[in-house]
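Sequence unavailable; structure follows:
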């Protein structure tokens, strides 16, 4: 035994000796750059000729990967000109090679001066009619023209982002999203986004926001600190910031004091008494009548979200079915216009204890109730948005078996698959665009991208060091392609071949989204339909067509026979009182575009004539 122990100790000692420690240092060419100026970071790694790569991370956040460089003779450099104004810190992380240990540098602290130059915008407003008797419907049409700002990236887009607010004097009379000036078609409500109360305002068009763990401390366990005691501070902030958007609040994470299983501090346990659940529902629904959509729990088919008494076991489905019944009754008694979303399952593929179809089939059989069939459309294969086809087919099969019909919403998905590495940056914009195109074509009424910030593997569009990335541009591009258009028939979605979706708009406009599914960024020659004169890519750039063919790849392009009609925001009202009114339209601006207000449109309402006998 002693000989064996000695041999074991020698083996461990030899293994330890084989790993050479390293030290990583970091310097910057300047620590006080102005916004848009280039900063060169130099990493130096010592310790027996280290090789491999160094990763630069911003603000001590692993999510904020700024870039990498490859060591040569123990050092390498990385240049960056996109650091946001304000205090920033950068750390160099050496990831080791076969014989060297990993090491991190001390933080280099920088102060970036200046501010992001905002692109100017011009708002115009027209009214029709400009006079009439009280009760006449007056339609206001506001137009927005952003001036592109091609300064330090990210450059502003030239799309109309967000919504317009209309004022009668100093009183707001309504808001309206930007849509094509003519026609109807695909609604802006298709587009949703998970973002937080503590981020800047996203410069993207989205109509629906969802809560959950991306916002700070707004789950049940964070708010309901003890029986009958509530801290609404953070949820108040979230609701206030996104006033005017459709809000989905996901009810989940049981407080520890109310948990049935005391060994599950993460909040995945069922409550020990449904009385606690009922009291919380009553309190939150009463406080927030502006929240219309209520989602019951998050990914309960995963034991991390809904757990049993034994570590690694799934929670009881009948309990959650009963909780959905209580939520439906209590919330709607307080707010009759409230809408209940089903527990959103992920993993909609055959096999495995966490299969979404199996879980939802049981939930329905146990009496689970909801108005919207919610799901999480994470794909099986990285970058393969086409996986949504079998996912939605499985959902429709579950509903058909239960003899129900409900609208289908994907309330969370990005490119995360549970596997690493993260989807390559070059493929991310194309994947995002395809997710909206494909899901809309399959009848998914709303899709909420996950998410605006946080770790890159979750669909990142922004980080605290460098701001927004190319995925914001792709989001706005596909918003422009789809909203107001009408899908013509079914898309051709055959994996490993050319995929197409055809659209029309009034005034003879036609378009076709097209791509060739692949994961290698290969390109192919495609013969485009007759009459197409140009195409738009996911950066929003417009290209002329000629010769009958165009090069396509995994990122979709939109072939067109002309320009999409100009975008505007329209508000119709019958509520103007008798008198002359000065109505203006105001665009509130976003991260990169400045606010602007129109010149007033004058409208006069007269008293209706009274009949004389």
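Noted; the coordinates are in hand. Quick caveat, the model's predicted, so the values are computed rather than measured.

Break the protein into its domains for me.
Per the record, the chain has its domains at 21-112, 121-180+566-606, 189-462, by automatic domain parsing.

And the helices in the stretch 451-600 of the chain?
Counting by DSSP state H, counting those that start in this stretch, the stretch 451-600 of the chain has helices at residues 470-482.

which sections of it are below the confidence cut-off?
For the stretch 451-600 of the chain, the stretches flagged by pLDDT under 70 are 495-496, 565-567.

ok so, going back, mean pLDDT lowest for which of the domains of the chain?
With a mean of 83, domain 121-180+566-606 has the lowest mean pLDDT of those.

Figure out the length between the terminal residues of that domain.
Start to finish, the residues bounding domain 121-180+566-606 are 34 Å apart (Cα to Cα, to the nearest Å).

Kindly report the same for stretch 499-514.
End-to-end distance for stretch 499-514, by Cα to Cα: 6 Å.

Show me what counts as buried in that stretch.
The neighbour-count check on stretch 499-514 (16 or more other Cβ atoms under 10 Å) flags 499-505, 509-514 as buried. C-beta here means a position set from N, CA and C on the backbone, and glycine is covered the same way.

Throw those into TSV and include distance to residue 315, thanks.
Output for the buried residues of stretch 499-514, formatted as TSV (distance: Cβ to Cβ, whole Å):
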residue	distance to residue 315
499	39
500	43
501	39
502	45
503	43
504	47
505	48
509	50
510	50
511	46
512	46
513	41
514	44
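
just curious, which of these is nearest to residue 606?
residue 505 (37.4 Å; Cβ to Cβ).

doesn't residue 440 fall inside a helix?
Yes. Assessed with DSSP: H, G, I helix; E, B strand; the rest coil, residue 440 lies in a helix.

Could you measure from it over to residue 69?
Residue 440 is 41 Å from residue 69, where distance means Cβ to Cβ, to the nearest Å.

out of these two, which sits in the more crowded spot?
The residue with more neighbours, out of residue 440 and residue 69, is residue 440; 22 against 18, by other Cβ atoms under 10 Å.

what's around the nearest residue to the more buried one once chain neighbours are set aside, how many residues?
Among residues not flanking residue 440 along the chain, residue 190 sits closest, at 5.7 Å (Cβ to Cβ, 6 or more residues apart in numbering). Residues contacting residue 190 under the criterion other Cβ under 10 Å number 22.

ditto for residue 574
Residue 574 has 10 nearby residues by other Cβ under 10 Å.

again, but for the one 3 residues further on
Close neighbours of residue 577, defined as other Cβ under 10 Å, add up to 8.

So it versus residue 192, what's the distance?
Distance from residue 577 to residue 192, by Cβ to Cβ: 36 Å.

One more: residue 73?
Distance, residue 73 to residue 192, by Cβ to Cβ: 49 Å.

what about the two, which has more around it?
Taking other Cβ under 10 Å, residue 73 and residue 192 do not tie; residue 192 has more neighbours (23 against 9).

circling back: closest to residue 373 among the buried residues of stretch 499-514?
Taking Cβ to Cβ as the measure, residue 373 sits nearest to residue 501 out of those, at 22.8 Å.

Can you tell me, leaving aside adjacent residues, what's nearest to that closest one?
With sequence-adjacent residues excluded and distances taken as Cβ to Cβ, 6+ apart, residue 501 is closest to residue 491, at 4.0 Å.

How about the contacts made by the one you found?
Applying Cβ atoms under 8 Å, 6 or more residues apart in numbering, we find residue 491 in contact with 437-438, 441, 499-502.

hang on, residue 361 in a helix?
Yes. Looking at residue 361 with three-state DSSP, it is inside a helix.

Quick check: it touching residue 398?
Yes. Contact status for residue 361 versus residue 398: in contact at 5.6 Å, counting by Cβ atoms under 8 Å.
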